[in-house]
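Undergrad: got a predicted model here, sequence first, then my questions.
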Amino acid sequence: MGFVKLEKQGHVGVVTIDRQEALNALNSQVLSDLDAVIDQVAADDEIYVMILTGAGRSFVAGADIGEMKNFSSIDGKKFGVHGNSVFLKLENMAKPVIAAINGFALGGGCELSMACDIRLASEKARFGQPEVGLGITPGFAGTQRLPRIVGISKAMELILTAKTIKADEAKAIGLVSEVYPAEELMDKAMELANAICANAQIAVQESKRCIRMGMQTDIATGSAFEAEAFGVCCGTADKDEGMGAFLEKRAEKHFQNK
């Protein structure tokens, strides 16, 4: 589908942004293509987990400066709203999303990775929010997600200096979970995705929902979300199977996802 490709591998949907001539930079068309593929993944009951990566040597090098150069204030706001709507859809999708960050994740690329649930990086990956060096702010919620992930002080440092960091520093500050040699990244992402696929998917999706909602509210409200989710899961066939397997000491489980 245009600049964004979807390949199914078992219960995993591998989504690749492929605009290599521009290092996968996000323009309006790429955002629209990604929006459509997210809808496709969300609607496919056979896909349990999504992996998002980039083609070539870049994850996403940023938003397309060539497109933004002549933006008016109205154009800029419209572009920001477009990108934010797509990223929020990705973040709020019921299915877990793993970012396999294979190279440059700068500006909009770093922001896109932060909208994913789990971030894995290649040793070649580079991260940063360089926008203030271009005379703009981050436009796709970098000022919102980065401090939530790495803390206010480190987010201020990264955004206000516009510096780029390597994968090992990204891991040290909690921006990514793991760093792998480039040739191992996709295998490790697939291994993680399949580990998630092996579990009860209603429980997986409810757990994601509780974490996402809870991070935006107080602990009492978040605990109420969790109690509701726990109750939902207790009414599923998967709970009966999972607990039955435990009590019967069966390693193999047959979840029905209902």
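TA: Perfect, thanks for sending it. Residues are numbered from 1 along each chain as shown.

Undergrad: excluding its backbone neighbours, what's nearest the most centrally placed residue in the chain?
TA: Central residue check for the chain by C-alpha atoms, centre = their mean: the C-alpha nearest the mean position is that of Cys116, 1.2 Å away. Leaving aside its chain neighbours, Cys116 sits nearest to Ala99 (3.8 Å; criterion: C-beta to C-beta, 6 or more residues apart in numbering). All C-beta spots, glycine's among them, are computed from the backbone N, C-alpha and C.

Undergrad: wait, is that neighbour part of a strand?
TA: Yes. Looking at Ala99 with DSSP: H, G, I helix; E, B strand; the rest coil, it is inside a strand.

Undergrad: let's have the chain start at 569 instead
TA: Shifting the count to begin at 569 puts that one at Ala667.

Undergrad: pLDDT score for the nearest residue to Met754 once chain neighbours are set aside?
TA: Leaving aside its chain neighbours, Met754 sits nearest to Ala668 (5.9 Å; criterion: C-beta to C-beta, 6+ apart). At Ala668, the model reports a pLDDT of 98.

Undergrad: so Ala668 touches Met618, yeah?
TA: No. Checked against C-beta atoms under 8 Å, the pair Ala668 and Met618 is beyond contact range at 10.6 Å.

Undergrad: looking at the two, which one has more neighbours?
TA: Neighbour count, other C-beta atoms under 10 Å: between Ala668 and Met618, Ala668 has more, with 29 against 25.

Undergrad: tell me the spacing between that one and Gln784.
TA: Distance, Ala668 to Gln784, using C-beta to C-beta, to the nearest Å: 26 Å.

Undergrad: pull the contacting residues for Asn660.
TA: Taking C-beta atoms under 8 Å, 6 or more residues apart in numbering, we find Asn660 in contact with Arg780.
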